[in-house]
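# Provided below are the primary sequence and the corresponding predicted coordinates.
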Amino acid sequence: MSDLPNNPALPPAPAVNIVLIGFMGSGKSSIGRILATKLGFQLLDTDALVVEAAGMQITEIFAQKGEGAFRDYESRTLEFLRDRRASRAVIATGGGIVTQPRNVPLLHELGFVVLLSASEEVIYERVSRNRARPLLHTENPRETVTQLLASRAPLYDATADFTVDTTYKTHTQAADAIIAEACKRYGCS
């Protein structure tokens, strides 16, 4: 994982990786792309890294091996990033990564953990556009969202160093808020 050269057109970068957590549809991938571009950081998506390691899509992992196997892949991906000493990175994680207690210290070892949240209504509207979300292949996807949000909210809150509500923010506004807070806490170079 190589560092990018200093580009004077980029804003000062925080002296820490930024790790994005939150429910599916909260904006982790989209905001992560903007953060990485603004900072000149590498974007690392744990879901994409799991797909690469498993040699199959997430829906296939769930169908063939089950959710437990997928969660194991996620944990091993975090360990890999930690062991490789990922730096100058924005790390976008899967929505359920906090459901495994062993992942919480790994997330903090990797960097500044930012929770992206949104209202349940906005989350459902966003995720209902994507049929590739295996946890929503249920008889009542809306109820599934409600239940998963309720069970995960305390885990997200307990894990996050900082929270940005994306309900009424543009992706750029959310990215700017994250950069400002990371620089305030960790300094910028």
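Arrived safely.

# So, low pLDDT: which residues of the protein?
Across the chain, the stretches falling below the confidence threshold (pLDDT under 70) are 1-11, 130-136.

# any chance you could map the helices in it?
Chain-ordered helices for the chain, with DSSP state H as the definition, fall at 28-39, 46-54, 58-65, 67-83, 103-110, 120-127, 141-159, 171-186.

# any chance of those helices in JSON lines, plus mean neighbour count and distance to Thr93?
All C-beta atoms are positioned from the backbone trio N, CA, C, and that covers glycine. JSON lines is the format used below for the helices of the chain (neighbours: other CB atoms under 10 Å; distance: least, CB to CB, whole Å):
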{"stretch": "helix 28-39", "mean neighbour count": "21", "distance to Thr93": "7"}
{"stretch": "helix 46-54", "mean neighbour count": "17", "distance to Thr93": "5"}
{"stretch": "helix 58-65", "mean neighbour count": "15", "distance to Thr93": "13"}
{"stretch": "helix 67-83", "mean neighbour count": "17", "distance to Thr93": "8"}
{"stretch": "helix 103-110", "mean neighbour count": "18", "distance to Thr93": "7"}
{"stretch": "helix 120-127", "mean neighbour count": "17", "distance to Thr93": "16"}
{"stretch": "helix 141-159", "mean neighbour count": "15", "distance to Thr93": "10"}
{"stretch": "helix 171-186", "mean neighbour count": "18", "distance to Thr93": "14"}
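
# Okay, now the sheet partners of the top strand by length along the chain, with direction.
Looking only at the chain and at elements set by DSSP state E, the strand with the highest residue count is strand 112-117. Each strand that pairs with strand 112-117, with its direction, by DSSP bridges: strand 18-21 (parallel), strand 162-165 (parallel).

# circling back to that earlier point, let's have the helices of the chain in CSV, adding distance to Asp165.
Shown next, in CSV, are the helices of the chain (distance: least, CB to CB, whole Å):
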stretch, distance to Asp165
helix 28-39, 12
helix 46-54, 22
helix 58-65, 26
helix 67-83, 25
helix 103-110, 20
helix 120-127, 10
helix 141-159, 12
helix 171-186, 9
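
# do you know which of these lies nearest Ala15?
Shortest distance between Ala15 and the helices of the chain, using CB to CB, is found for helix 171-186: 4.8 Å.

# Distance check, Val113 against Glu60.
29 Å (CB to CB, to the nearest Å).
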